[in-house]
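Colleague: Fold the following.
(one chain, ligands or ions: 2)
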Amino acid sequence: MLDLTGKNALVTGIANNRSIAWGIAQQLHKAGANLGVTYLPDEKGRFEKKVRDLVEEPLKPSLFLPCDVQDDAQIQSTFESVREKWGKLDILIHCLAFADKDGLSGDFSGAPRSTFSKSLDISAYSLVAMSAAAKPLMTEGGSIVTLTYLGGVRVIPNYNVMGVAKAALEMNVRYLASELGPLNIRVNGISAGPIRTLASSAVGGILDMIHHVEKIAPMQRTVTQLEVGNTAAFLCSDLASGITGQILYVDSGYSIMGM
Ligand code: NAD
Ligand code: 0WE
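Modeller: Numbers count the residues shown, from 1 in each chain. Ligands and ions are numbered 1, 2, ... in the order given. Model (predicted):
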């Protein structure tokens, strides 16, 4: 049975009730995990309040921490808090990405250097930095799960710089899995089909992409945050004890189609 009782899980990437990370957090909670939640701090504290109001009642997280992954000090203090409060960490959910708008439309070759490096920093390097900080805390083994997209292995119009960031992220999964395997820490990615979220809705044409998936995918529909959450819970559980370094597609079968 899928059972995460006694496991401490740190979930990044919740922005609102449409976030994939929110679907994951709910399924980890349902499976009995003890949750910690991080949020991206902003000047007015709006994100903090929004995320706190969302998670507080249903999930009762025992940790609620600001963590901008562009800031090494915030990553360090996040995992220092985990060490103080929990002692050990079992599960890390990496569910965040960012590219400036000029990296998500127009000519791929037109992307500025700063857009490219910022997107790779937030969307790919952050998994390396967080895994390094989690490593000494995963003393009884562990599971690290990140979220990726088909645009990291095939060309999806306008995904542009994010596609390169996801390609780097997927290779990070393999190198990290290789390094951390001897410690019984597994590292995997979930490649989700398009879902309407804050990030995807800010992209022009997401609804057209969803309709395309509904036409082409074997299951003739998109996937939900809670379906992705179930797969994440599986990957974090002992049911997946032999799985590491993999990218698991949760996309209604879309990616198998050639025409
Ligand atoms: P979302 O907007 O709900 O989540 C993105 C999160 O990234 C937000 O919580 C935001 O605060 C966080 N973030 C951005 N910059 C950050 C920083 N510097 N430090 C810390 N956090 C930061 O959107 P989502 O669609 O749920 O995205 C979550 C993940 O799922 C991303 O990795 C995305 O690439 C991936 N994904 C999304 C889809 C989709 O169609 N929505 C499909 C496949 C994969
Ligand atoms: O990974 C993503 C979205 C990532 C994302 C979205 C935004 C919009 C707002 C990263 N950075 C930003 N920056 C912003 O300013 N997805 C998989 C969803 C997505 O985004 C696309 C897609 C799909 C699908 C962009 C172009 C084409 C398809």
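Colleague: use CA for all of it now, contacts and neighbours both
Modeller: Will do.
Colleague: so how far is Met219 from Ile210?
Modeller: 13 Å (Cα to Cα, to the nearest Å).
Colleague: out of these two, which sits in the more crowded spot?
Modeller: Neighbour count, other Cα atoms under 10 Å: between Ile210 and Met219, Ile210 has more, with 17 against 14.
Colleague: Can you give me the buried ones in the helix or strand containing the more buried one?
Modeller: According to DSSP states H and E, Ile210 maps onto helix 206-216. Using 16 or more other Cα atoms under 10 Å as the test for burial, helix 206-216 gives 206, 209-210, 213-214, 216.
Colleague: What's the first helix or strand after that helix?
Modeller: helix 225-236.
Colleague: Double-check Asp100 against Thr115; I have them as touching.
Modeller: Yes: counting by Cα atoms under 8 Å, Thr115 is a contact partner of Asp100 at 5.9 Å.
Colleague: What parts of this structure come near ligand 1?
Modeller: For the chain, the residues in contact with ligand 1 (Cα under 6 Å from any ligand atom) are 13-15, 18-21, 40, 67-70, 95-98, 122, 147-149, 191-200.
Colleague: Point out the ones among these that are inside strands.
Modeller: Among those, the members found in strands (DSSP state E) are 147-148, 191-192.
Colleague: how about Asn188, secondary structure?
Modeller: The three-state label given to Asn188 by DSSP: H, G, I helix; E, B strand; the rest coil is strand.
Colleague: gap between Asn160 and ligand 1?
Modeller: 12 Å (Cα to the nearest ligand atom, to the nearest Å).
Colleague: next one: Ser109
Modeller: Counting by Cα to the nearest ligand atom, the separation of Ser109 from ligand 1 is 21 Å.
Colleague: Kindly list the main-chain dihedrals of that residue?
Modeller: phi -70, psi -10 (degrees, to the nearest 10).
Colleague: Show me which of Asp100 and Thr115 is the more surrounded one.
Modeller: Neighbour totals were compared for Asp100 and Thr115, and Thr115 leads with 19 against 16 (other Cα under 10 Å).
Colleague: Are we agreed that that one is in a helix?
Modeller: Yes: according to three-state DSSP, Thr115 belongs to a helix.
Colleague: residue contacts, it?
Modeller: Thr115 sits next to 99-100, 102-103, 161 when contact means Cα atoms under 8 Å, 6 or more residues apart in numbering.
Colleague: Out of those residues, flag the one nearest to ligand 1.
Modeller: Ala99 (8.5 Å; Cα to the nearest ligand atom).
Colleague: so how far is ligand 2 from the residue nearest to that closest one when sequence neighbours are not counted?
Modeller: Nearest residue to Ala99, sequence neighbours excluded (Cα to Cα, 6 or more residues apart in numbering): Ser119, at 4.7 Å. Computed with Cα to the nearest ligand atom, the distance linking Ser119 and ligand 2 is 8 Å.
Colleague: Surely Ser119 is in contact with Asn160?
Modeller: No: applying Cα under 8 Å as the test, Ser119 and Asn160 come out as separate, 10.8 Å apart.
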